[in-house]
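> Give me the fold of what follows.
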Amino acid sequence: MQVIPAIDLRGGLCVRLRQGDYDRETVFGDDPAAMAARWESEGATRIHLVDLDGAKAGSPVNVDSVRAIIRAVSVPCQLGGGVRDERTIAAWLDAGIERVIVGTQALRDPEWFRTMAETFPGRLILGLDARDGRVATDGWLETSNVTAPLLAEQFDDLPLAAIIYTDIARDGTLEGPNLESTGALCRHVKTPVIASGGVGGLVDIERLATLPVVGCIVGRALYEGNFSLTEAVARAGGSPSRS
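The predicted structure is shown next:
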């Protein structure tokens, strides 16, 4: 299982939100590129980027910060937040982002997302952010009536790189991931699943490693020093692959 450190960008800063609430923000650094370099030096083989301002605005905002991160590291980066059209996908891929995450627009326009997945095979990730089991959109500001497994199943035949599943109630907390819903989603689809939200300690890493997930995204626990990235990689089963 690959351990993927997260860098959430807001106003050019490295921040974390609690349960997706923009009014419950903690700033962890004013140099996201330096933070990315730190994670790489500690063993990261992939970095997860979120343009929080972009997710809210519906288009990229923290472009300069993302470009600086790409220049600062040699490991692949995946990015989500405000990806709503083909031009944005292509622009991020051209800029050096390896995988682009699409959430809101996949729910709003499934046929468009199918076309994009086929246009960029292996380069798109479906972002499934769920609140009480239902998919949230627009930077988690809105909640739909569509369940996460139903949306995932709808796209399971596409050449996606992965699905990132986030339980919003756990995100930005240290209360532990939702193992039940994450495991259920893994069993429901054949597309690789990356877990996100709630990792607070090394025991959470160990528990996730027992599920058929290919990776887990870790944020606040790393920034608050609950454990090191090196320790997390070891608990996940050794050096993760780049798949």
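> and P121, what does it touch?
Taking Cβ atoms under 8 Å, 6 or more residues apart in numbering, we find P121 in contact with P159. In this view, the C-beta of every residue, glycine as well, is placed from N, C-alpha and C.
> wait, is it part of a helix?
No: going by DSSP: H, G, I helix; E, B strand; the rest coil, the assignment for P121 is coil, not a helix.
> gap between it and V61?
Going from P121 to V61 by Cβ to Cβ, to the nearest Å gives 28 Å.
> How about D8?
Counting by Cβ to Cβ, the gap from D8 to V61 is 12 Å.
> And these two? Which one has more around it.
Higher neighbour count among D8 and V61: D8, with 26 against 21, using other Cβ atoms under 10 Å.
> In which helix or strand does that one reside?
strand 2-10 (DSSP states H and E).
> what stretches of the protein score poorly on pLDDT?
The model of the chain has pLDDT under 70 over residues 18-25, 132-133, 136-145, 169-173, 238-243.
> which residue ranges form the strands in it?
Using DSSP state E, the strands of the chain run over 2-10, 13-18, 21-29, 47-51, 77-80, 99-102, 124-131, 134-137, 142-147, 162-167, 193-196, 215-218.
> Could you export those strands to JSON lines, including columns for distance to T182?
Putting the strands of the chain into JSON lines (distance: least, Cβ to Cβ, whole Å) gives the following:
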{"stretch": "strand 2-10", "distance to T182": "15"}
{"stretch": "strand 13-18", "distance to T182": "20"}
{"stretch": "strand 21-29", "distance to T182": "22"}
{"stretch": "strand 47-51", "distance to T182": "16"}
{"stretch": "strand 77-80", "distance to T182": "18"}
{"stretch": "strand 99-102", "distance to T182": "17"}
{"stretch": "strand 124-131", "distance to T182": "10"}
{"stretch": "strand 134-137", "distance to T182": "15"}
{"stretch": "strand 142-147", "distance to T182": "14"}
{"stretch": "strand 162-167", "distance to T182": "6"}
{"stretch": "strand 193-196", "distance to T182": "5"}
{"stretch": "strand 215-218", "distance to T182": "9"}
